[in-house]
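[1] Mind folding the following:
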Amino acid sequence: SIDQSLSNSNVLYCGTEPGEVYKSTNGGDNWSNVSLNDPLSGGVNSVKIHPSNSNIVLIGSGNFIYKTTDGGGTWSIVLSSVVRTNEIIFAPSNPNLVYAATNNGFYTSSDGGDNWVLAYPEETFDVKLNTLNDNIIYIVKHNNALNICEFLMSINSGLNFTVQSNGWY
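    Alright, predicted model coming up:
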């Protein structure tokens, strides 16, 4: 997994399958390992850089979501027991709102990723925000009973979701 900073295009973070995080400050020409002092719990499945502060990064590694506020110098666990974090996203209009699609459900944070609430209790694979209104959230999940993927939408920042079945199979 990899992400490029919106506030400084020279800064990139890359998570690896063995569970390491690398950082580049020169547009990807050179990389340094920023997780050597903080052993993570498994492969890094998701990386997301704060939209206005490239020193704040959230990653999904193993059963945890980790956060750094010092550009990868230190990492702390901010969410446990998620099994696998498939995607993390910050709301552009309010970066304190953070969303995570995980194998244990869909989680929301209202304080920049320090604390999390389970908003949807089923495995979710993807999360995207409407480009015109980031209170509108889209998630994709698997419906085991029907053996299909379902596309869900929330118009209230993840408080409630409805299945979008028109035009979707």
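[2] name the element Ile77 belongs to?
    In this structure, Ile77 is located in strand 76-79 according to DSSP states H and E.
[3] May I have that strand as CSV, with CA atoms only?
    Output for strand 76-79, consisting of C-alpha atoms alone and laid out as CSV, is shown next (Å, rounded to 0.1, in the frame of the first residue of the first chain):
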residue,chain,number,x,y,z
SER,A,76,1.1,3.9,18.5
ILE,A,77,-1.9,1.5,18.3
VAL,A,78,-5.1,3.5,18.0
LEU,A,79,-7.5,0.6,17.1
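[4] who does it pair up with?
    strand 64-68 (antiparallel) (DSSP bridges).
[5] now what about the partner strand, what contacts it?
    The contact list for strand 64-68 (C-beta atoms under 8 Å, 6 or more residues apart in numbering) reads 34, 38, 40-41, 55-60, 74-82, 85, 88, 100, 113-114, 116. C-beta coordinates here come from the backbone N, C-alpha and C atoms, glycine included.
[6] Can you tell me the element the residue minimising distance to the centre of the chain falls in?
    Among the residues of the chain, Ile88 comes closest to the average C-alpha position under C-alpha atoms, centre = their mean, at 1.1 Å. Ile88 is part of strand 85-91, with elements assigned from DSSP H and E.
[7] The longest strand that the chain contains - contacts with which helices or strands?
    Across the chain, the strand with the greatest residue count (assigned by DSSP state E) is strand 94-102. In terms of contact count using 3 or more C-beta pairs under 8 Å, 6 or more residues apart in numbering; DSSP states H and E, strand 94-102 is assigned the packing partners strand 57-61, strand 85-91, strand 105-109, strand 124-129, strand 137-143.
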